[in-house]
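Novice: Show me how the following folds:
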Amino acid sequence: MDRSQLHLTVAAVVVYQGQFLFVEERDKQSLQRVLNQPAGHVESDEDLQRAVERELFEETGLQLVADGWLGISQLIASNGHRYVRINFYFEPAELPTTYQPQDSDILALHWLSLQELADHALPERSQLVSDAIVQYQQGVRLPLTLIKSPVSSVSAPKTML
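Specialist: Alright, predicted model coming up:
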C-alpha cells in the first residue's frame with residue numbers, strides 16, 4: 001500500500017439525552033444512503049481537535065467543543081485504502097433549537113440509540129460507526145490532554161541558562 005491510500009480522519013460521537021447524532025449521506029463507492037457520525041479528513045493545517053470540531057459544524061451546523069476522545073479505529077475499505085479514525089466524544093448539556101448541515105452532501109440528521117441504529121432501514125457506513133458507540137457505552141473516556149499539539153521540525157535553537 002502506498003501512502004496515498006492512507007487517510008487520517010476524525011469522527012464526532014455526539015451524545016444528547018441518551019441518543020447519538022448521525023448524518024445521512026451517500027457512500028461514495030456504492031452511492032447507497034448510509035448513516036455515519038459527523039466525520040471527515042484532517043486537513044494539512046489542522047490539529048485533530050480542530051478538525052473534528054470543523055467537521056461537526058460542516059455536517060450538522062453544531063458548534064461544540066470536544067469533551068474527550070474514545071481512541072483510534074482503523075478500517076481497510078473496499079477500495080483498498082486504510083482509514084485511521086480518531087473518535088472524539090461530545091456531551092452537550094443543551095443544543096440550539098435549530099441547526100442544519102452546512103455541507104450539501106449531508107442529506108439528513110438523525111438522533112438514535114444504538115438499538116435504533118441497528119434496526120434502522122439505512123446501513124452504517126462502516127462497522128467503525130457502531131464500534132465508536134460501543135466504546136462510548138463501555139465507558140472509554142480519554143482526556144484531550146493525551147493528544148499533543150503538532151510541533152514544528154523548524155524550531156529556534158535552545159539557549160542554555
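Novice: can you tell me which residues contact the residue lying closest to residue 150 once chain neighbours are set aside?
Specialist: Take residue 150 and drop its neighbours on the chain: the residue closest to it by C-beta to C-beta, 6 or more residues apart in numbering is residue 47, 5.7 Å away. Glycine gets a C-beta too; all of them are placed from N, C-alpha and C. Applying C-beta atoms under 8 Å, 6 or more residues apart in numbering to residue 47 gives the contacts 147, 149, 150.
Novice: Closest one to residue 82 out of those residues, please.
Specialist: Taking C-beta to C-beta as the measure, residue 147 is the one of the contacts of residue 47 closest to residue 82, at 20.3 Å.
Novice: Can you tell me the closest non-neighbouring residue to the closest one?
Specialist: Once flanking residues are discounted, residue 147 sits nearest to residue 48: 5.7 Å by C-beta to C-beta, 6+ apart.
Novice: okay but that neighbour is in contact with residue 10, surely?
Specialist: Yes. Contact criterion C-beta atoms under 8 Å: residue 48 and residue 10 qualify, at 5.9 Å.
Novice: Neighbour count: these two, which is higher?
Specialist: Remark: of residue 48 and residue 10, residue 10 carries more neighbours, 27 against 20, as counted by other C-beta atoms under 10 Å.
Novice: Let me know whether residue 76 touches residue 82 as I believe.
Specialist: Yes. With contact defined as C-beta under 8 Å, residue 76 counts as touching residue 82 (5.4 Å).
Novice: List the buried residues of the lengthiest helix in the chain.
Specialist: The residue-count maximum for a helix in the chain (DSSP state H) belongs to helix 48-60. Buried residues in helix 48-60, counted by 16 or more other C-beta atoms under 10 Å: 48, 49, 51, 52, 53, 54, 55, 56, 57, 59, 60.
Novice: Mind checking the pLDDT average for the very next helix or strand once past that helix?
Specialist: Counting by DSSP states H and E, the next helix or strand C-terminal to helix 48-60 is strand 68-76. Average pLDDT, strand 68-76: 96.
Novice: Pairing partners for the helix or strand following strand 68-76, with directions?
Specialist: Sequence-wise, the next helix or strand downstream of strand 68-76 (DSSP H and E) is strand 82-90. Here strand 82-90 is paired, per DSSP bridges, with strand 6-16 (parallel), strand 68-76 (antiparallel).
Novice: Centre of the chain to the helix or strand just after strand 82-90, how far?
Specialist: Proceeding C-terminally, strand 82-90 gives way to strand 108-112 as the next helix or strand, assigned by DSSP H and E. Its chain's average C-alpha position is 15 Å from that of strand 108-112, according to C-alpha atoms, centre = their mean, to the nearest Å.
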